[in-house]
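# sequence first, predicted model second:
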Amino acid sequence: MNRILLAALLAALAATASAEINIGVTVSASGPAASLGIPEKNSFALLPTTIAGQKINYIILDDASDTTTAVKNTKKLISEHKVDAIVGSTITPNSLAMIDVVAENETPMISMSAAARIVEPMDAKRYWVFKNAQNDPHMATAIVQHMTDNNIKTVAYIGFADAYGEGWWNEFSKIAELRKLKIVASERFNRTDTSVTGQVLKILAAKPDAVLIGGAGTPAALPQKSLKEKGYKGVIYQTHGVANVDFLRVCGKDCEGTFFPVGPVLVAAQLPDSNPVKKVALEYTSKYETVHGKGSVSTFGAHVWDAGLLLAKAIPVALKKAQPGTKEFRKALRDALENTKELIGAHGVYNMSPQDHLGFDQRARVMVKIEKGTWKLIQ
């Protein structure tokens, strides 16, 4: 009898020792947001496949930039693949739609999207949700500061007709009003539109000193090219949603002189040595460009790198409390993420808390200018 019990115990211990951790991923590797999702998908190949002695499996699905598909992917990853955590999605509408699913299944999620609404205000559902893309208000503040510092008095806004564009409008308009910037026009367009002539003509009629485009990826080039085509001579701002080479390629010479805030990884080599993010950002840049070519790095792939760093710090802590594949492990992993302190990533320094599931400060942003077809650090 003792031998039978001993054999059962040894079998149980062997099963525990060989437990694997499954990380579910949904990214927008096709569709309008593909220029953002492809570098994210590519970056998972750079993440560790073993953490604290446990094998890590990344199960990656493409949501095609579609909200319904992102929800289906999330349900599939949880129900069929029994994942311990979710990473994704690429864009704000998808991430917002996924919140109900992860909360219902008590599975921690790390979003790579920008909208503050993904983690704010904290409630029972967002208790399970974290993010590593800079919040809209954080970046909007930098834009408004740059505008006021450069004597801009009037501004027009044109953004996506979805949660990303509306989120930027809400945050930018509030901060602009506080800083006495006059908004003279507000327009919207769809990610799949091929013309914004009507909206641009309305903006030109308002004669703004500057225009802010609240878009992401290559679709954000459309209003800018149209403004230039129609002869606009004012200053153009974009959001951190355009921080990739595909945007530069599509926008071409019409990008010259554009200002926008961005995670420091995009200009890692230009950062002063005193910047704590520089070393980590350069490490990611080197690894990505070794595989995909010089100049191929983007801030979007770096969100995956930072998700990997967050998990690498949280998993060993969670393993002390429970085994992978269990409800208890998912809860322990959530708790460990929430207690992340002074973790240096490629985008900033993470200090999370029960009320802050992003944890960034001013070290998570810089202002850049597009100059001679590339990014130039200006602050």
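Noted; the coordinates are in hand. Numbers count the residues shown, from 1 in each chain.
# report pLDDT for Ala19.
With respect to pLDDT, Ala19 scores 80.
# all numbers from here: first residue = 15
That works, and once the first residue is 15, the last one we named lands at Ala33.
# shouldn't it be within a helix?
No. Per DSSP: H, G, I helix; E, B strand; the rest coil, Ala33 lies outside any helix segment and is coil.
# ok, it - contacts?
68, 337-339 (Cβ atoms under 8 Å, 6 or more residues apart in numbering). (C-beta placed from N, C-alpha, C; glycine too.)
# what distance do you get for it to Arg205?
From Ala33 across to Arg205, the span is 41 Å (Cβ to Cβ, to the nearest Å).
# could you do Asp375 as well?
Taken as Cβ to Cβ, the span from Asp375 to Arg205 is 31 Å.
# between the two, which has more neighbouring residues?
Arg205 (22 against 11; other Cβ atoms under 10 Å).
# would you confirm that that one contacts Leu50?
No. The pair Arg205 and Leu50 does not pass the contact test of Cβ atoms under 8 Å, sitting 11.2 Å apart.
# joint contacts of these two?
Counting by Cβ under 8 Å, 6+ apart, the residues touching both Arg205 and Leu50 are Gly231.
# any idea how many residues pack against Glu134?
Residue crowding around Glu134 was assessed by other Cβ under 10 Å; the count is 16.
# and what of Leu236?
Neighbours around Leu236, by other Cβ under 10 Å: 23.
# sorry, back to before: which one (most neighbours) among the contacts of Ala33?
Counting neighbours by other Cβ under 10 Å, Pro338 comes out on top of the contacts of Ala33 with 21 neighbours.
# what sits against that one?
By Cβ under 8 Å, 6+ apart, Pro338 lies in contact with 33-36, 68, 98.
# the strands in the stretch 265-393 of the chain, which residues?
273-276, 357-358, 363-364, 380-385, 388-391 (DSSP state E, counting those that start in this stretch).
# so which of those strands is the most packed in?
strand 273-276 (a mean of 24; mean count of other Cβ atoms under 10 Å).
# which residues touch that strand?
Contacts of strand 273-276 (Cβ under 8 Å, 6+ apart): 148, 153, 156-157, 160, 249-254, 256-257, 313, 379-383, 389, 392.
# from the contacts of Pro338, pick the one nearest Val143.
Nearest to Val143 among the contacts of Pro338, counting by Cβ to Cβ, is Asp98 at 15.1 Å.
# just give me the neighbour total for the closest one.
Other residues near Asp98 number 29, with proximity taken as other Cβ under 10 Å.
# correct me, but it touches Ile37?
Yes. With contact defined as Cβ under 8 Å, Asp98 counts as touching Ile37 (6.7 Å).
# look up how far Leu357 lies from Gln68.
19 Å.
# can you give me the helices in the protein?
Under the criterion DSSP state H, the chain carries helices at the ranges 16-31, 48-57, 81-93, 106-118, 150-163, 177-192, 211-220, 235-243, 259-265, 292-306, 313-333, 341-352.
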